[in-house]
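Chemist: output the structure for:
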Amino acid sequence: MTSEPTSRFPVGATATVADLEDDPHPLLARLRAAEPVSWLPALGGWLVTSRDLALRVMRDAAAFTVDDPRFSTARVVGPSMLSLDGPVHTRHRDPFARPFRPARTRERFTAFVETEVARLVGRLAPAGGAELRGELAGPLAVAVVAEALGLEGVDSATIRSWYGAFVEAVSAITAGGDAPARADEAYALLRAAVEKAITAGAPGSLLAEAAADGAELTTAEVVANAAILMFGGIDTTEGMIANTLLHLLGHPDQLRLVLDDPGLLPAAIEESLRLEPSASVVDRYATRDTVLGEVTVREGDLVRVSLAGANRDPAVFPDPDRFDVRRANAAEHLAFAHGPHFCFGAHLARLEARTAVAALLELPGLRLDPSHTPRAHGLVFRKPPRLHVLWDR
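Modeler: Down below sits the predicted model:
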């Protein structure tokens, strides 16, 4: 595996994990301009920041695979659709992906999401203020995942604690550390809940359907994929909602455009996804020596694709650091990845975000709480730790 001399990649040599966790965009811009494929000693691998090269890596599973024992998520939950390629990936993915096709997503989840949003916003409305990540975005995402998986009898706080442990473990491994012990404890509890759901076989339970599917997934495989759905269905959806609200409320001129024309809300969500994807990087491993851009990636090298960097590539998105709800090509972002590992829950995440943000924008005078200064943070999963807002009662 490669250990590249830092003299070849001076910008990458200066990068720190703290830079990438706090505000990575200035560093990503420098890398994209000078070293679009750069060796970062802080990450022990390559970082790809240009959109065209990011697409190439994500599309070519034969040359850049997720199927490697170092893959962070697999180290936490075991082999799953997220950490496998080829026919075995299809076997894991298809039983879960089929129910999330656009028409089935609308039919299955629209009423549930609308009811849950109305309940959450109705409970908050009299207060005149709230912390929206913890009191709306997170609870909504948890409720939808629990509904989809059929985890009956497991309360939202428990599910939230499980996925929080998984996210903490993946972030620790990505930063070069070890997963905390509580991740193993959470996984054991998740396994017990999944086994119960499979046995119960409740109608509409995604877990029961996957276990009974002709693909013949084992219980262990169903459990691993349930954990993956928690990543995609909870953390990234929560971040998507929080980031959209942060961008809109932080740009009053753009907020006014959406308030005057609610038809712009879907475009605003896409632009927010472009500007700050809630999952900012995806990992691949080179299966052979491959020329990527102007460098040679060696077999076994970690190749980390910066979705955040690709989404601000000025070759595709003019004035890329500007939040513009009328940006014509915002939907060309890569926030849901690309290729065989494209997020099949994208339609559901968009449904949740549209419903939640639309309901919140009906609160009169919705605005950021001036006593707090929210901004996105995180190495892998990026969102504001808290999002305090006020409105007129």
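Chemist: can you show me the strands along the stretch 51-200 of the chain?
Modeler: Secondary structure of the stretch 51-200 of the chain, counting by DSSP state E, counting those that start in this stretch: strands at 64-65, 129-131.
Chemist: winner for burial among the ones you listed?
Modeler: Compared across the strands of the stretch 51-200 of the chain, strand 64-65 shows the largest average neighbour count, a mean of 22 (mean count of other Cβ atoms under 10 Å). C-beta: built from backbone N, CA, C; applies to glycine.
Chemist: that strand pairs with which strands, and in what direction?
Modeler: strand 281-286 (antiparallel) (DSSP bridges).
Chemist: for the lowest-mean-pLDDT helix or strand in the chain, what is the distance to the chain centroid?
Modeler: Averaged element by element with mean pLDDT, DSSP states H and E, the chain has its least confident helix or strand at helix 206-212 (a mean of 80). The gap between where helix 206-212 is centred and where its chain is centred comes out at 24 Å by Cα atoms, centre = their mean, to the nearest Å.
Chemist: hang on, the earlier thing: now the strands of the stretch 51-200 of the chain in JSON lines, with distance to D184 and mean pLDDT?
Modeler: Formatted as JSON lines, the strands of the stretch 51-200 of the chain follow (distance: least, Cβ to Cβ, whole Å; pLDDT from 0 to 100):
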{"stretch": "strand 64-65", "distance to D184": "26", "mean pLDDT": "98"}
{"stretch": "strand 129-131", "distance to D184": "30", "mean pLDDT": "98"}
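Chemist: right, and those strands - which one's nearest T14?
Modeler: Between T14 and the strands of the stretch 51-200 of the chain, the shortest gap by Cβ to Cβ is with strand 64-65, which sits at 25.4 Å.
Chemist: what comes into contact with that closest one?
Modeler: Strand 64-65 is touched from outside by V57, M58, D85, R284, Y285, A286, T287, T290, V303, with contacts defined as Cβ atoms under 8 Å, 6 or more residues apart in numbering.
Chemist: circling back: include distance to R75 when you put the strands of the stretch 51-200 of the chain into JSON lines, please.
Modeler: Output for those, formatted as JSON lines (distance: least, Cβ to Cβ, whole Å):
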{"stretch": "strand 64-65", "distance to R75": "15"}
{"stretch": "strand 129-131", "distance to R75": "32"}
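Chemist: nearest to V17, out of those?
Modeler: Using Cβ to Cβ, the strands of the stretch 51-200 of the chain put strand 64-65 closest to V17, at 22.5 Å.
Chemist: chain center to the closest one: distance?
Modeler: The answer for strand 64-65 is 19 Å, by Cα atoms, centre = their mean.
Chemist: quick check: phi and psi on D313?
Modeler: The phi and psi values for D313, taken as degrees, to the nearest 10, are phi -70, psi 120.
Chemist: quick one on the thing from earlier: helices or strands up against the next helix or strand after the least confident helix or strand of the chain?
Modeler: Once the chain leaves helix 206-212, the next helix or strand it forms, by DSSP states H and E, is helix 219-230. Judged by 3 or more Cβ pairs under 8 Å, 6 or more residues apart in numbering; DSSP states H and E, helix 219-230 is in contact with helix 72-77, helix 87-97, helix 138-149, helix 156-174, helix 181-200, helix 206-212.
Chemist: would you turn the ones you listed into JSON lines with distance to T237 and mean neighbour count?
Modeler: Converted to JSON lines, these look like this (distance: least, Cβ to Cβ, whole Å; neighbours: other Cβ atoms under 10 Å):
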{"stretch": "helix 72-77", "distance to T237": "17", "mean neighbour count": "21"}
{"stretch": "helix 87-97", "distance to T237": "16", "mean neighbour count": "18"}
{"stretch": "helix 138-149", "distance to T237": "4", "mean neighbour count": "23"}
{"stretch": "helix 156-174", "distance to T237": "11", "mean neighbour count": "20"}
{"stretch": "helix 181-200", "distance to T237": "18", "mean neighbour count": "17"}
{"stretch": "helix 206-212", "distance to T237": "16", "mean neighbour count": "22"}
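Chemist: would you list those helices in JSON lines and tack on distance to E114?
Modeler: JSON lines is the format used below for these (distance: least, Cβ to Cβ, whole Å):
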{"stretch": "helix 72-77", "distance to E114": "31"}
{"stretch": "helix 87-97", "distance to E114": "24"}
{"stretch": "helix 138-149", "distance to E114": "11"}
{"stretch": "helix 156-174", "distance to E114": "18"}
{"stretch": "helix 181-200", "distance to E114": "25"}
{"stretch": "helix 206-212", "distance to E114": "20"}
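Chemist: pretty sure V11 contacts V37?
Modeler: No: with contact defined as Cβ atoms under 8 Å, V11 does not reach V37; the gap is 11.5 Å.
Chemist: higher neighbour count, the two?
Modeler: V37 (23 against 17; other Cβ atoms under 10 Å).
Chemist: in the sheet, who's paired with that one?
Modeler: With DSSP bridges as the rule, V37 is bridged to V48.
Chemist: what's near enough to touch it?
Modeler: Here V37 is in contact with W46, L47, V48, T49, S50, L53, L292, G293, E294, V295, V297 (Cβ under 8 Å, 6+ apart).
Chemist: H347: which of the contacts of strand 64-65 is nearest?
Modeler: M58 (19.3 Å).
Chemist: let me see the confidence value for the closest one.
Modeler: With respect to pLDDT, M58 has a value of 98.
Chemist: longest helix anywhere in this protein?
Modeler: helix 102-124 (DSSP state H).
Chemist: just how off-centre is stretch 149-161 within its chain?
Modeler: The answer for stretch 149-161 is 20 Å, by Cα atoms, centre = their mean.
Chemist: can you list contacts of it?
Modeler: 138-139, 142-143, 145-146, 186, 189, 193-194, 196-197, 200, 202, 204-208, 226, 229-230, 234.
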